[in-house]
Structure formats: structure tokens, C-alpha cells
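Engineer: the following block contains a protein sequence and its predicted model.
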Amino acid sequence: MKLVFTFLCAGAVLFMLRVLIALLRESKNLSPRPLTIYFAKFIPVQRRGELIVMNSKNYAQKSAVGSGKRAALAVIAAALLTLPLHGQHTPNAPGDTSVSPKPQTSTATPQSEQEIVQELAAMKKRIEQLELALKQHEAAEQPTTVVHTAKATAPPPPSTPAVSAAPTEAEAVLPQESPSGKQPKEAPFAFADWTWLNGNARTKTPAFDSKFFTPEIRADVDYIYDLNHPKDDTIGGSSEVFRSNEVQVTQLGVGGDFHFDNVRARVMTQFGMYSTTTPRNDASPARGQWDLADAYRYVSEAYGGYHFDALHGINVDAGIFVSYIGLFSYYNFDNWAYQPSYVSSNTPWFFNGVRVQIFPTAHLKIEPWFVNGWQSYGRFNGRPGVGGQILWRPNGWLSVLGNQYALGEDALNTPGRVRYHTDDSVEMKYYDHPERLLDKAAFSLTGDMGCEHGGGVSCDTNSRKGPKQDFLGFMLYNRLWFHKDLYGFTLGGGKINNPGRYLVLLPPINGATATSGTNYFTENPGDPYKAWDASATFDYMPSQYITFRWEFDHRASNVPYFSGSGGITPPGGNTGAPGSTVPGWSPDLMKDENRFDLAILVKF
């Protein structure tokens with residue numbers, strides 16, 4: 001009986017050994033197709049994601065190795081089980097009363113049993129060798145995981161179609177799938193890097209971000225050296241430059257974007273010169289009560305809205321939002337020049353109303369407006385204004401922008417005088433070689449036309465309805481970037497013709513505002529005004545968050561308009577009502593102005 005069990009165990013060991021050898025051969029012949037799995041995290045506005053590449057070949061080999069190890073252990077266990085059988089099968093004990101089976105003939109001899117034991121020992125040694133080979137094989141095939149960092153391609157939610165750079169570090173990213181299994185639509189304008197645009201911030205990544213809030217801080221500090229040397233240090237005729245020979249905080253903005261569950265909001269403050277100079281150019285607070293100028297004085301942007309997941313995105317916002325009529329941004333950090341030409345400086349920086357941003361494709365935005373008026377906190381008369389913007393970017397080097405405004409009655413206390421305006425721009429990056437000293441070049445061209453009719457003026461020509469009152473202007477800028485965008489150099493300028501002066505910025509003579517007006521510089525129908533300018537700007541940009549700017553500006557007009565050496569403030573300060581006539585005094589106005597602008601611009 002002992003020999004029978006011995007042969008059975010030996011057969012089992014041989015069978016397991018055969019299985020083990022087959023598994024080893026199979027593991028050597030494994031050549032599975034590598035399965036590459038990508039995990040990418042995309043967050044709107046210049047976030048960062050991780051791309052993880054996993055090699056499934058190692059997993060298949062590891063599985064085969066594990067199976068071989070388990071088979072080897074089973075063989076060892078079976079071999080060891082044969083040894084106790086010799087001790088367990090003993091003759092009946094002396095007290096055993098059971099009947100012994102009949103003796104059976106056997107041809108086995110003690111010599112054959114010894115051979116079986118030696119064979120089992122050899123098998124055990126062979127199994128140990130196989131285990132060692134398996135361990136060496138496993139060590140040679142360690143699993144590899146490659147992690148790449150990929151820049152996000154999505155812009156800030158369409159609320160702020162400011163856009164980041166396209167991914168360059170990752171070779172491939174599988175498109176994400178929505179919970180319904182459908183591929184999500186491409187984010188608007190996320191297919192290219194738009195930081196080269198005039199009027200668009202050049203920051204590619206936010207200094208800080210979270211799921212709920214993206215903060216933003218801006219600082220604009222300047223020193224202006226006016227070659228006219230006005231003795232009261234007052235500069236007029238600009239919406240960006242206000243004082244001479246002094247360090248001034250033009251704007252300090254603190255705020256940011258809130259975004260959660262498709263609900264959006266944005267707030268940005270304006271402390272410094274902007275909190276005084278921007279409200280004084282709006283005459284609408286003079287109509288009615290509650291002092292709208294003071295209510296909004298320290299706010300440049302304040303709106304809330306909702307994002308709808310339709311088309312490539314739809315945003316509905318209400319409140320104060322910036323206007324890009326005239327291409328340049330309200331914030332000088334975003335612009336190629338510190339002092340924009342008249343086409344930009346004299347047109348609206350903001351609107352107070354409702355806008356709907358519709359993105360039919362990733363290359364197109366259609367944005368209708370319903371607003372209180374032309375850069376106004378309230379209405380000037382009984383009719384609001386309407387308008388809209390169309391922005392088309394077919395590729396990464398061309399941007400086409402059109403702004404239209406109509407139907408607003410925007411002359412204070414003059415009902416029936418209706419304003420129309422069209423503002424159209426094209427920007428083109430015509431040179432892009434990051435590896436060279438001159439690494440980038442682009443230009444922008446803007447043309448504006450507009451007019452007013454009714455209320456004693458005519459839109460197209462002098463007629464019995466009144467004198468011609470229209471606006472015609474253009475501006476052209478060319479910018480060069482050097483040494484991987486460390487330096488920038490811009491040349492530009494423009495020209496306007498605005499009979500009736502309804503878009504001319506009123507000089508603050510004796511404290512004059514858009515509401516008060518002044519007899520020292522009238523804005524009556526038919527009053528002529530033509531002006532032109534040119535500028536040269538040099539930028540040093542050691543970080544994406546700061547710009548050191550030096551600029552020279554030449555500005556001129558066909559009538560005395562700019563502050564002369566005598567200044568535009570009466571002796572002893574403002575006298576009487578704002579803009580009123582002071583007996584025996586008159587402002588010193590000149591037809592041209594030359595100045596140097598030095599500024600430090602910061603944006604986080």
C-alpha cells in the first residue's frame with residue numbers, strides 16, 4: 001500500500017511540474033499589445049493637469065510570474081506531503097483487532113524505493129532553481145509609470161474669454177467623455193495662445209486658483225514728465241494720464257472671479273486716479289437722485305450671471321462689465337501702449353446693463369448688449385442703448401473684432417438725439433520664431449465711424465435739421481517681442497475727426513466735468529475737432545506678472561486743447577461752480593503735447 005501512495009504522489013508532482021514548465025513557456029512568449037491609459041485633469045482658466053501613462057505589458061508579465069510562483073509552491077507542498085505518508089502508514093498496533101488485508105505480491109525492492117526518494121530530492125532542487133529564475137525575471141521587468149505635466153487648454157470660463165497656451169509637453173491626450181458618454185465640446189478659443197493680443201492680459205497661469213474663486217490683483221503706478229510743464233501738474237484730454245511730474249497710483253484693483261455650479265460672478269475695484277477720473281466723464285448721474293457716481297466710484301467691474309452648457313457655452317451676465325470698444329483694455333497691463341490713441345481713449349471703457357455671450361463654435365463669439373447708455377451708470381434721457389460684439393478667431397494668428405452700438409439717446413437732457421457707432425479691429429501675428437532674438441511680431445488696426453442725429457444735429461451732412469455731427473478715426477500699432485518675450489517694442493498712433501466734439505474728453509478746466517461743461521472749451525453742435533498722435537513704447541517683462549514700461553507720446557489737435565505751462569486751474573484753486581468762468585483768468589491751452597510716461601504694471 002505504501003508503494004501505491006508513493007507512486008500516486010510522484011505522479012502528482014510530475015503533473016504539477018509539467019504545468020509549471022508550461023506556464024513558464026507561456027510567460028516567455030507573452031507579447032501583449034501595450035495598453036496606454038491617459039488620465040488628464042482639465043480645469044477652465046489656465047489650470048494644470050497630470051497625464052499618467054501606464055504600461056499594461058508589465059502587468060501581464062507580472063500576472064504570469066505570479067501564476068508560476070503559485071504553481072511552484074503547489075509542487076513543493078505536494079512533494080512534502082509524500083514524506084509523512086511513510087510515517088503514517090505503519091503496521092497495525094499490537095492492540096489492533098481489525099482484520100489485516102491479504103498480503104499482496106510486490107516486485108518493488110528497497111533499492112527502488114531509494115531511487116524514488118532521490119528523484120523527489122532532485123525535483124525539489126529543480127523547483128528551487130525555477131523559483132530563483134522567476135525572481136530574477138521579475139526583478140528585470142519592473143513596472144514603469146511615466147508622469148507628464150500638461151498645461152490646460154481651456155480658458156477661464158467663457159465669462160472672461162481670456163485664453164491660455166496650448167499644451168506642448170504632452171504628446172497626446174485622449175478627449176474626455178461626459179457622464180452621458182458623449183465627447184464634450186471644445187472650449188471657446190482654447191485652441192491657441194492669445195497672450196500676444198493687444199488688449200489681452202499676457203499672464204498664462206494664475207498665481208493662485210481654487211474651485212470656487214480665482215483672485216485677481218492689479219496695480220498701475222506711473223510717473224509722467226510733461227514737456228509743457230503745466231504749473232498745476234494737471235494733464236487733460238486723456239483717460240489714462242492725469243498728473244505731471246508726480247508719482248501717482250492710476251489704478252489699484254482687487255477682486256476676481258467666482259465660479260461654482262455654473263453660477264458666475266466677478267468684482268474688481270478701482271482705487272487711485274481711476275476712481276475720480278472715470279466717474280467725472282459720465283454725465284448720467286446728473287439725472288435723478290442717489291448720486292450714481294459715488295455709488296459706483298470704486299468699482300470697475302461688478303456682475304453676476306449663469307453659464308449654460310449649450311452650443312460651446314452661453315453666458316448671461318448683468319451688472320457693470322468692461323467694454324472693448326477701441327480694442328485697448330481698460331487695464332494698462334493688458335495693452336501694448338500706455339496712452340492709446342483717441343479711437344480707444346475717447347470711446348467707452350464699460351457698460352452697465354445685461355450681456356449674453358453666445359459661443360456657436362470654438363472660434364466665434366456673438367455678444368448682444370442691453371445697456372443704460374454710452375459708458376454711463378444711468379440713462380441720459382428716456383431711452384437705453386443696444387449693441388453687441390462679434391469676435392472671430394479662425395486660427396492662432398488672426399483675430400477679428402466688431403463692436404456696434406445704436407439707438408441710445410446719450411446727450412444729457414437732449415431727448416431725441418440718437419447715437420450710432422461702429423468699431424472694428426483686426427489683429428494679426430505675422431512673425432513667430434521663439435528660438436530667435438526677434439521672436440514675435442504682430443500688428444493691430446482699428447477703424448471707427450459714428451454719428452448722431454436729431455435734437456438739432458444731422459448724421460451725414462449740414463442740413464436744415466442741424467450741423468453735421470459725426471466721428472471718424474483709426475489707429476495702427478505694430479509690436480515686436482525679443483529674447484523669449486523678455487522685451488517688447490511698440491510703435492503706433494492714430495487720428496480722429498469729431499465735429500460737434502461729442503466724443504472729445506472735456507479738459508478739467510476749473511474742475512469742469514462732463515455734466516458741467518465749460519465755456520473755455522465748448523462742445524456745441526458744429527464745433528470742429530481734429531486730432532492725431534504717435535507713440536513709442538519699450539517694455540521690460542522679467543515675469544509674466546509685471547511690466548516695466550517707458551513711453552514717449554506726441555499728441556496734437558487743430559484747436560487749443562492740451563495743458564500749457566500756465567495750467568488749467570485758477571490761482572488759489574477751483575473757483576465757483578465746476579467749469580464756470582473766472583473773471584480775469586483763462587486756462588493755458590496748447591495745440592500739442594509731448595511727454596514721457598514711466599509705469600510699473602502688475603497683475604496677479
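Structural biologist: Sure, I can see it. Since we're looking at a predicted model, the values are computed, not measured.
Engineer: what segments of the stretch 451-600 of the chain are helices?
Structural biologist: Using DSSP state H, counting those that start in this stretch, no helices are found in the stretch 451-600 of the chain.
Engineer: strands of that one, start to end?
Structural biologist: Ranges of strands in the stretch 451-600 of the chain, per DSSP state E, counting those that start in this stretch, are 470-482, 487-497, 530-543, 546-557, 562-563, 589-590, 592-603.
Engineer: residue ranges with poor pLDDT in this protein?
Structural biologist: 1-113, 136-182 (pLDDT under 70).
Engineer: and it, what are its domains?
Structural biologist: The chain breaks down into these domains under automatic domain parsing: 2-33+57-88+113-143, 213-603.
Engineer: pick the most deeply packed of those.
Structural biologist: Mean neighbour count (mean count of other C-beta atoms under 10 Å) peaks for domain 213-603 among the domains of the chain, with a mean of 19. Glycine gets a C-beta too; all of them are placed from N, C-alpha and C.
Engineer: chain center to it: distance?
Structural biologist: 23 Å (C-alpha atoms, centre = their mean, to the nearest Å).
Engineer: end-to-end on that domain?
Structural biologist: Its first and final residues considered, domain 213-603 spans 16 Å by C-alpha to C-alpha, to the nearest Å.
Engineer: which residues touch the residue nearest to residue 447 when sequence neighbours are not counted?
Structural biologist: Among residues not flanking residue 447 along the chain, residue 474 sits closest, at 4.7 Å (C-beta to C-beta, 6 or more residues apart in numbering). Under the criterion of C-beta atoms under 8 Å, 6 or more residues apart in numbering, the neighbours of residue 474 are 343, 445, 446, 447, 448, 494, 495.
Engineer: repeat the analysis, applying 7 Å as the threshold.
Structural biologist: Shown in contact with residue 474 (C-beta atoms under 7 Å, 6 or more residues apart in numbering): 343, 446, 447, 494, 495.
Engineer: equivalent analysis for residue 362, please.
Structural biologist: Residue 362 neighbours (C-beta under 7 Å, 6+ apart): 186, 187, 188, 189, 190, 191, 312.
Engineer: what does residue 519 give?
Structural biologist: Here residue 519 is in contact with residue 581 (C-beta under 7 Å, 6+ apart).
Engineer: cool, residue 441 as well?
Structural biologist: Per C-beta under 7 Å, 6+ apart, neighbours of residue 441: 430, 431, 480.
Engineer: where's it, which helix or strand?
Structural biologist: With secondary structure defined by DSSP states H and E, residue 441 is part of strand 438-453.
Engineer: strands paired with that strand, and their directions?
Structural biologist: Taking DSSP bridges as the criterion, strand 438-453 forms sheet pairs with strand 418-432 (antiparallel), strand 470-482 (antiparallel).
Engineer: nearest to residue 584 among those strands would be which one?
Structural biologist: When the strands paired with strand 438-453 are compared by C-beta to C-beta, strand 470-482 sits nearest residue 584, at 36.0 Å.
Engineer: report the angle between that closest one and strand 487-497.
Structural biologist: 170 degrees (axes from the mean of the first three to the mean of the last three C-alpha atoms, to 10 degrees).
Engineer: how big is the angle separating strand 470-482 from strand 530-543?
Structural biologist: 30 degrees.
Engineer: against which helices or strands is the helix or strand harbouring residue 316 packed?
Structural biologist: Here residue 316 sits within strand 314-322, counting by DSSP H and E. Strand 314-322 is packed against strand 299-308, strand 350-361, with contacts defined by 3 or more C-beta pairs under 7 Å, 6 or more residues apart in numbering; DSSP states H and E.
Engineer: sorry, back to before: most neighbours of all the contacts of residue 362, which one?
Structural biologist: Most neighbours among these, by other C-beta atoms under 10 Å: residue 188, with 26 neighbours.
Engineer: please identify the helix or strand for that residue.
Structural biologist: Judged by DSSP H and E, residue 188 forms part of no helix or strand.
Engineer: do the same with residue 132
Structural biologist: Taking DSSP H and E as the criterion, residue 132 maps to helix 110-140.
Engineer: what helices or strands is that helix leaning on?
Structural biologist: Helix 110-140 is packed against helix 2-29, helix 56-88, with contacts defined by 3+ C-beta pairs under 7 Å, 6+ apart.
Engineer: turn the strands of the stretch 451-600 of the chain into JSON lines, columns for distance to residue 460.
Structural biologist: Putting the strands of the stretch 451-600 of the chain into JSON lines (distance: least, C-beta to C-beta, whole Å) gives the following:
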{"stretch": "strand 470-482", "distance to residue 460": "7"}
{"stretch": "strand 487-497", "distance to residue 460": "14"}
{"stretch": "strand 530-543", "distance to residue 460": "18"}
{"stretch": "strand 546-557", "distance to residue 460": "24"}
{"stretch": "strand 562-563", "distance to residue 460": "30"}
{"stretch": "strand 589-590", "distance to residue 460": "31"}
{"stretch": "strand 592-603", "distance to residue 460": "31"}
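Engineer: circling back: just send the strands paired with strand 438-453 back as TSV, with distance to residue 235 too.
Structural biologist: Formatted as TSV, the strands paired with strand 438-453 follow (distance: least, C-beta to C-beta, whole Å):
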stretch	distance to residue 235
strand 418-432	25
strand 470-482	20
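Engineer: so which of those strands is nearest residue 545?
Structural biologist: Closest to residue 545 of the strands paired with strand 438-453 is strand 470-482 (C-beta to C-beta; 16.9 Å).
Engineer: rewinding a little: closest one to residue 380 among the strands paired with strand 438-453?
Structural biologist: Going by C-beta to C-beta, the one of these nearest residue 380 is strand 418-432, 9.6 Å.
Engineer: outside of that closest one, which residues touch it?
Structural biologist: Contacts of strand 418-432 (C-beta under 7 Å, 6+ apart): 196-198, 325-327, 347, 374, 397-410, 440-454.
Engineer: try it again with 6 Å
Structural biologist: Here strand 418-432 makes contact (C-beta atoms under 6 Å, 6 or more residues apart in numbering) with 196-197, 325, 327, 397-406, 408-410, 440-454.
Engineer: cool, stretch 340-348 as well?
Structural biologist: With C-beta under 6 Å, 6+ apart as the test, stretch 340-348 has contacts from 239, 323, 325-328, 374-375, 446, 448, 473, 475, 493-494, 496, 503, 505, 531, 533.
Engineer: now, among the contacts of residue 362, which is nearest to residue 565?
Structural biologist: residue 189 (48.4 Å).
Engineer: run through the helices of the stretch 201-350 of the chain in chain order.
Structural biologist: So, for the stretch 201-350 of the chain - with DSSP H, counting those that start in this stretch - the helices run 274-280, 292-295, 342-345.
Engineer: out of the ones you listed, flag the one nearest residue 204.
Structural biologist: helix 342-345 (24.7 Å).
Engineer: and the nearest residue to residue 456 once chain neighbours are set aside, how far from residue 416?
Structural biologist: Closest residue to residue 456 apart from its sequence neighbours, by C-beta to C-beta, 6+ apart: residue 466 at 4.4 Å. Distance, residue 466 to residue 416, using C-beta to C-beta, to the nearest Å: 11 Å.
Engineer: OK, contacts around residue 203?
Structural biologist: Here residue 203 is in contact with 544, 603 (C-beta under 6 Å, 6+ apart).
Engineer: and it, what are its phi and psi?
Structural biologist: Taking degrees, to the nearest 10, you get phi -70, psi 130 for the backbone angles of residue 203.
Engineer: on that earlier part again, got a markdown table for the contacts of residue 362, with distance to residue 580 too?
Structural biologist: Shown next, in a markdown table, are the contacts of residue 362 (distance: C-beta to C-beta, whole Å):
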| residue | distance to residue 580 |
| --- | --- |
| 186 | 59 |
| 187 | 55 |
| 188 | 51 |
| 189 | 50 |
| 190 | 55 |
| 191 | 57 |
| 312 | 55 |
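Engineer: can you pick out the most distant pair from those residues?
Structural biologist: Of all pairs drawn from those, the widest gap by C-beta to C-beta lies between 191 and 312 and measures 11.4 Å.
Engineer: for residue 231, find the nearest of the helices of the stretch 201-350 of the chain.
Structural biologist: helix 274-280 (20.2 Å).
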